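In: A predicted structure for the sequence below; I have some questions about it.
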Amino acid sequence: MNIEVRDLHFVYPTGFEALKGISISIGAGEQVALVGQNGAGKTTLVRHFNGLLRPASGSVFIGDWDAARCSVAKLASRVGYVFQNPDEQLFSRDVGTEVRFGPRNLGYPKEKADGLVERALSLTGLTDKVEINPYDLSPTWRKMVALASVIAMDTPVVIFDEPTTGQDAATIARIAHVIAELHALGRTVITITHDIDFCAENFDRVIALSNGQVLLDGPAGEVLGQEEILARTYVEPPQLTRLGKRLGFKETVRNQEEFLAVVARSAR
Amino acid sequence: MHERLSFHIKRDSALHRLNPLTKIFLVLALILVAFLNPWYWTPHLLVLIAITPLSLLARVGAEYFRAAARLILPAVGFLFLMQAFFQPVGEEILFQFYFLDVTRESLMFAFSNAMRIFVMVSAFTLFLLTTHPSELMSDLTRRGLPGQFSYVIISTLQILPQIQARAQTTIAAQRSRGLETEGHFIKRAGSLIPLVGPLVLGSLVEVEERAIAIEARGFTSKSLKTSLHDIPDSSIDKALRWALAVIAILSITLKLWLS
Amino acid sequence: MAFVNLQNVTYQYPLTKSPVLQDITLQIEEGEFVAIIGPNGAGKSTLCYALGGFVPHFFKGEFSGMVEVAGKKSSDATLDEWVLTVGLAFQNPFNQISGAKYTVFEEIAFGLENTGVPREEMKSRVEQAMAQTGITDLSDRSPYTLSGGQQQRVALTSILVMQPRLLVLDEPTSQLDPIGTREVFGVIRAMAERGMTVVMAEHKMEWIAQFADRVIALKDGATLLEGTPQEVLTSDLLTENGFGISRYTSVAREARRRKRWRADVPLPVTLDQAAEGFAFTPPS
């Protein structure tokens, strides 16, 4: 399912112009990371994808649907959105019921919903916690419950808002695994993140926003190497990219394998 | 985004500069006079010679008139109608509305009562428009009100916008999970638990952390508290308070003496 | 005697089955910047609460052992006395706003009002602290309308302004953008240079390696490793126990396995060390 954003503008009631003409197109199955400083407009942009915000001007199309003309509940069948703070959405007595809430709202038949819930729970490592009250879990696990509750909706597009904030290495690895599985299923994944190393290792395409405009948009390897431009939106290239630059590599490397490949080549 | 969390309008005026306690005295004196003065036209006159000029003096005329037109008048108007129709006093029937008789007395009674309420609410409105809540609380704390007490008041005043902001995020999150919040009543009633649940459960987490946060900043410290704001309390303030106290006492005495 | 002294601290929250902190003993010198690392659930936050006096004064449960700061034991002090010596900012910035103030300036002054700092001194301290953390331009904003990153800086400033002798921070940069994170680490480092003792729970290994003097690795409520960033962050024990490590360390470890990193050069923890080490890459 393609996402087409054309000259999107948005102004908050306070008069703050959060988006100043954004045009991007995201193809089905793409893995896109949105980066940029606090207040760059990342969250404002993705909230247009599921109709939570309506354009001041310009348009957003999710497949053949004009997002401005669809209710949020309707768009929820195409765009899943995991909010940053799980405590603002969890309400059920147990994890299983919580995860089932989305599929039930979308009116899936019971067998289909059962399968989706089960898959979401196992992807997020929650299978053995299905009967626990979400509020008896640690904040880390509550975040996974929020993740599972959206994945279970089986939408063609999934949005994550800062999924790795405050998480440890094992949890980040689990989130990376979830994203890889969604990729394998052909889902589009859009992730807002400050964790630039996580971004480099898990996303093909990176869009950097700054002051409501697109600063950079392209393959991760290209975008993440633009140190000076990224600095304008308070982003630094990933650790290994900076290390490669320091060592005088001609190409931009973004993960361990790419880095070691260059080291091996230059040693020859 | 809610930039404004209080009614207070920041302007430079004589009323703004008055000490908060003086303004409380002023509000109370106005209310006492409006309710206790035996002359029928007192509340009406107060609107003309006190409330309206004060709003202009405070340079919040526009805001005050807007509040009066949108909130105070409709509420007071409703009160007036209720009393005019349902107050069984007087004989001189002006007109009948189905089985309800409207007498001249009930009309007069309702009108003066409505005006009294109008004076009271208007006085409070002017007070809120010209007094910053934290100034009020700092002043009262300085005069011996326990710090915990003023904290409770201020944080309660701020809690509505907070709950509102939190509720908006929760609504956004649940709608994103396909919850239908628009449409007819029964459907919306069913969506109450997913909307209210996180508000309550999340707040419990919040309360504990908030308690730690203020404790970490010396909230229960036994040392004498100081205040960031210097709240003026001039000799004019003191003289005004005396004058207003005299007016209040006179009103009460007059009322007791007449009854 | 060390400035901070923990002896056999064991603590169990009410309603839980096992202790979160198990027999922790550690010493910290005045002016040291110590980072605490560990997987979620290792006890980092609880250790921060124990230093801040909230364990056992606020959270009940079973506490044993001793927490001593500047020669005073937390068990001998009341919480309101303790917070004058030990400042604590915790993870979630949203819940650290006092709720009693209308502007950021007032919010930061809150702690100084409570502890009776005279007005003129209060104003200059608030201004100075806001300049340090780079939030002067937020002065008149309502704390509620700020972004997570801005709120996090306000929460940090609100504690810094109280000038505690020991500053305890639980993931103070979780909401910040990358360059904001580095700035905040820089501010905290500068505080340590001026003699403030800092204990900080964090996941961001690159900045810990660059700014901290010492690292304590916690696992299941007990100290697993302790030492300089170089010693701790390059230990094989970390990866074996599910800790995250910096990309510099992990890429060099893999390079060493492939004979692309000299065996006699220690594994790197910072960009500079990694660049230096790879410049010596042995030819195959």
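Out: Cool, the structure landed.
In: contacting residues around residue B:21?
Out: For residue B:21, the contact set (Cβ atoms under 8 Å, 6 or more residues apart in numbering or on different chains) comprises B:139, B:140, B:143, B:233, B:237, B:241. Using the backbone N, CA and C atoms, a C-beta is placed for each residue, glycine as well.
In: Tell me the predicted confidence for the second one.
Out: This points to residue B:140. Looking at residue B:140, its pLDDT reads 85.
In: which residues of the stretch 1-150 of chain A fall in strands?
Out: Per DSSP state E, counting those that start in this stretch, the stretch 1-150 of chain A carries strands over the ranges A:3-11, A:17-26, A:31-35, A:57-62, A:65-66, A:79-82.
In: what do you get for chain B?
Out: All strands of chain B, identified by DSSP state E, fall at B:93-97, B:100-103.
In: neighbouring contacts of stretch B:94-112?
Out: So stretch B:94-112 is contacted by B:40, B:43-44, B:79-93 (Cβ under 8 Å, 6+ apart).
In: Is the helix or strand harbouring residue C:179 in proximity to chain A?
Out: Using DSSP states H and E, residue C:179 sits within helix C:178-193. Yes. Interface with chain A: helix C:178-193 contributes C:178, C:179, C:180, C:181, C:182 (Cβ under 8 Å from any Cβ of the partner chain).
In: neighbour-wise, which of these leads?
Out: Within the residues of helix C:178-193 next to chain A, most neighbours by other Cβ atoms under 10 Å in any protein chain shown means residue C:178, with 25 neighbours.
In: so what's it up against?
Out: Contacts of residue C:178 were listed using Cβ under 8 Å, 6+ apart, and they are A:194, A:196, A:234, A:235, A:236.
In: And the pLDDT at the nearest residue to it once chain neighbours are set aside?
Out: Nearest non-adjacent residue to residue C:178, counting by Cβ to Cβ, 6 or more residues apart in numbering or on different chains: residue A:236, 4.7 Å away. We have a pLDDT of 93 for residue A:236.
In: Quick check: residues of the stretch 151-259 of chain B near chain C?
Out: Within the stretch 151-259 of chain B, the positions adjacent to chain C are B:151, B:154-155, B:158-159, B:161-162, B:165, B:205-206, B:209-228, B:230 by Cβ under 8 Å from any Cβ.
In: ok, residue C:92 to chain A distance?
Out: According to Cβ to the nearest Cβ, to the nearest Å, residue C:92 and chain A sit 8 Å apart.
In: Next: residue C:217.
Out: The gap separating residue C:217 from chain A is 12 Å, by Cβ to the nearest Cβ.
In: other SSEs contacting the helix or strand where that residue lies?
Out: Take DSSP H and E as the rule and residue C:217 turns out to sit in strand C:214-219. Applying 3 or more Cβ pairs under 8 Å, 6 or more residues apart in numbering or on different chains; DSSP states H and E, we find strand C:214-219 packed against strand C:33-37, strand C:222-227, helix C:229-233.
In: all strands for the stretch 151-268 of chain A, in order.
Out: Using DSSP E, counting those that start in this stretch, strands in the stretch 151-268 of chain A cover A:157-161, A:188-192, A:205-210, A:213-219.
In: before we move on, back to that, would a markdown table of the helices and strands packed on strand C:214-219 with mean neighbour count and mean pLDDT be doable?
Out: As requested, those are exported to a markdown table (neighbours: other Cβ atoms under 10 Å in any protein chain shown; pLDDT from 0 to 100):
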| stretch | mean neighbour count | mean pLDDT |
| --- | --- | --- |
| strand C:33-37 | 26 | 97 |
| strand C:222-227 | 17 | 96 |
| helix C:229-233 | 21 | 96 |
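In: so which of those comes closest to chain A?
Out: Relative to chain A, the nearest member of the helices and strands packed on strand C:214-219 by Cβ to the nearest Cβ is strand C:33-37, separated by 9.2 Å.
In: So which other helices or strands are in contact with the helix or strand following that closest one?
Out: The C-terminal neighbour of strand C:33-37 among helices and strands, as given by DSSP H and E, is helix C:44-51. Applying 3+ Cβ pairs under 8 Å, 6+ apart, one finds that helix C:44-51 makes contact with strand C:4-12, strand C:21-28, strand C:33-37, helix C:54-57, strand C:62-69, strand C:86-89, strand C:166-170, strand C:197-201.
In: List the buried residues for stretch B:158-176?
Out: For stretch B:158-176, burial by neighbour count (16 or more other Cβ atoms under 10 Å in any protein chain shown) applies to B:158, B:161, B:162, B:166, B:169, B:170, B:171, B:172, B:173, B:174, B:175, B:176.
In: interface residues of the stretch 51-200 of chain A facing chain B?
Out: For the stretch 51-200 of chain A, the residues in contact with chain B (Cβ under 8 Å from any Cβ) are A:52, A:71-73, A:76-77, A:79-81, A:83, A:85, A:87-92, A:101-102, A:105-106, A:135, A:149-150, A:153.
In: Filter those down to the buried ones.
Out: By 16+ other Cβ under 10 Å, these give A:52, A:72-73, A:76-77, A:79-81, A:83, A:85, A:87-92, A:101-102, A:105-106, A:135, A:149-150, A:153 as buried.
In: Just those: which are in helices?
Out: A:72, A:73, A:101, A:102, A:105, A:149, A:150 (DSSP state H).
In: So for residue B:207, what pLDDT did the model give?
Out: 83.
In: That one and residue B:254: what is the separation?
Out: 49 Å (Cβ to Cβ, to the nearest Å).
In: neighbour count winner among those two?
Out: Higher neighbour count among residue B:207 and residue B:254: residue B:254, with 14 against 11, using other Cβ under 10 Å.
In: tell me the mean pLDDT over stretch C:150-160?
Out: Across stretch C:150-160, the average pLDDT comes to 95.
In: Pull out the buried residues from stretch A:94-113.
Out: Residues A:94-106, A:108, A:113 are the ones in stretch A:94-113 that count as buried (16+ other Cβ under 10 Å).
In: Would you work out how far apart the start and end of it are?
Out: End-to-end distance of stretch A:94-113: 16 Å, with Cα to Cα, to the nearest Å as the criterion.
In: Off-centre distance for that stretch?
Out: The chain centroid and the centroid of stretch A:94-113 are separated by 22 Å under Cα atoms, centre = their mean, to the nearest Å.
In: what about the residue in the stretch 151-284 of chain C positioned nearest to chain A, how many residues close to it?
Out: Nearest residue of the stretch 151-284 of chain C to chain A, counting by Cβ to the nearest Cβ: residue C:244, 3.0 Å away. If you count neighbours by other Cβ under 10 Å, residue C:244 ends up with 22.
In: Now the phi/psi pair for it, please.
Out: phi -80, psi 150 (degrees, to the nearest 10).
In: what sits against it?
Out: Residue C:244 is in contact with A:168, A:169, A:172, C:203, C:205, counting by Cβ under 8 Å, 6+ apart.
In: Repeat the analysis, applying 10 Å as the threshold.
Out: Going by Cβ atoms under 10 Å, 6 or more residues apart in numbering or on different chains, residue C:244 touches A:167-173, A:197, C:37-39, C:203-205, C:238, C:250.
In: Name only those of these that count as buried.
Out: Here, 16+ other Cβ under 10 Å leaves A:167-169, A:171-172, A:197, C:37-39, C:203-205, C:238, C:250 buried among the contacts of residue C:244.
In: Kindly state the domain boundaries assigned to chain B.
Out: B:14-131+B:232-258, B:146-216 (automatic domain parsing).
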